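K.L.:
Dropping a prediction and its sequence here:
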Amino acid sequence: MQVVAELAGQLRKAHEGGAWHGPSLFEALAETSAREAGARPLRGAHSVWEIVLHIAAWDDLCVRRLEGHPADVPEEGDWPPVAETTQEAWERALAKVNGAQERLLRAVAALPDSRLQEKVVGKDYSVGFMLFGVLQHNVYHTGQIALLRKAQT
């Protein structure tokens, strides 16, 4: 499980901290209020809040695929809507992305390295390709969040 262990470690660093590339998702979101998360400092761009829900949705989709479910898009959609913009709703969104990341990490940690070469159900790519992709996806969106936060200051 050497490759899986490294992948799980990189996923955790990208979420919690200690990543080579810069701030983790958790670090980029530190001290973000509901008002800041819902702001649109760049016209035509998603809000921090929308990106957080998007990351959570795709992390959960990857877990469903690892469990053998054929899934093309997340159950709540590619870009789940922000229904409510209170501080409590923002805290639920943060809990949602943290929970999705934990489920993903548990699912990845349980994999033998041999599963990385298996095809994802209903897809023409491997489990390993998908998991490295979700890592890249989350890092990409974390960078967007960091820029959106800078644009607000």
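P.N.:
Okay, I see it. Residues are numbered from 1 along each chain as shown.

K.L.:
Okay, helices next: where are they in this protein?
P.N.:
With DSSP state H applied, the chain shows helices at 2-16, 25-29, 34-38, 48-66, 87-109, 127-151, listed in chain order.

K.L.:
Can you add mean neighbour count and distance to residue 121 and give the ones you listed back as JSON lines?
P.N.:
Yep, even glycine has a C-beta here, placed from its N, CA and C like the rest. Putting the helices of the chain into JSON lines (neighbours: other C-beta atoms under 10 Å; distance: least, C-beta to C-beta, whole Å) gives the following:
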{"stretch": "helix 2-16", "mean neighbour count": "17", "distance to residue 121": "19"}
{"stretch": "helix 25-29", "mean neighbour count": "20", "distance to residue 121": "27"}
{"stretch": "helix 34-38", "mean neighbour count": "18", "distance to residue 121": "34"}
{"stretch": "helix 48-66", "mean neighbour count": "22", "distance to residue 121": "6"}
{"stretch": "helix 87-109", "mean neighbour count": "17", "distance to residue 121": "14"}
{"stretch": "helix 127-151", "mean neighbour count": "18", "distance to residue 121": "10"}
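
K.L.:
and the residue nearest to residue 83 when sequence neighbours are not counted, what is it in contact with?
P.N.:
Using C-beta to C-beta, 6 or more residues apart in numbering and skipping the chain neighbours, the partner closest in space to residue 83 is residue 89 (7.4 Å). When contacts are counted by C-beta atoms under 8 Å, 6 or more residues apart in numbering, residue 89 is found next to 34, 82, 83.

K.L.:
One more pass at 10 Å, please.
P.N.:
With contacts defined as C-beta atoms under 10 Å, 6 or more residues apart in numbering, the neighbours of residue 89 are 34, 37, 38, 49, 82, 83.

K.L.:
ok, back up a step: with distance to residue 120 and mean pLDDT as new columns, can the helices of the chain be given to me in JSON lines?
P.N.:
Converted to JSON lines, the helices of the chain look like this (distance: least, C-beta to C-beta, whole Å; pLDDT from 0 to 100):
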{"stretch": "helix 2-16", "distance to residue 120": "15", "mean pLDDT": "94"}
{"stretch": "helix 25-29", "distance to residue 120": "23", "mean pLDDT": "95"}
{"stretch": "helix 34-38", "distance to residue 120": "31", "mean pLDDT": "97"}
{"stretch": "helix 48-66", "distance to residue 120": "5", "mean pLDDT": "98"}
{"stretch": "helix 87-109", "distance to residue 120": "13", "mean pLDDT": "97"}
{"stretch": "helix 127-151", "distance to residue 120": "5", "mean pLDDT": "96"}
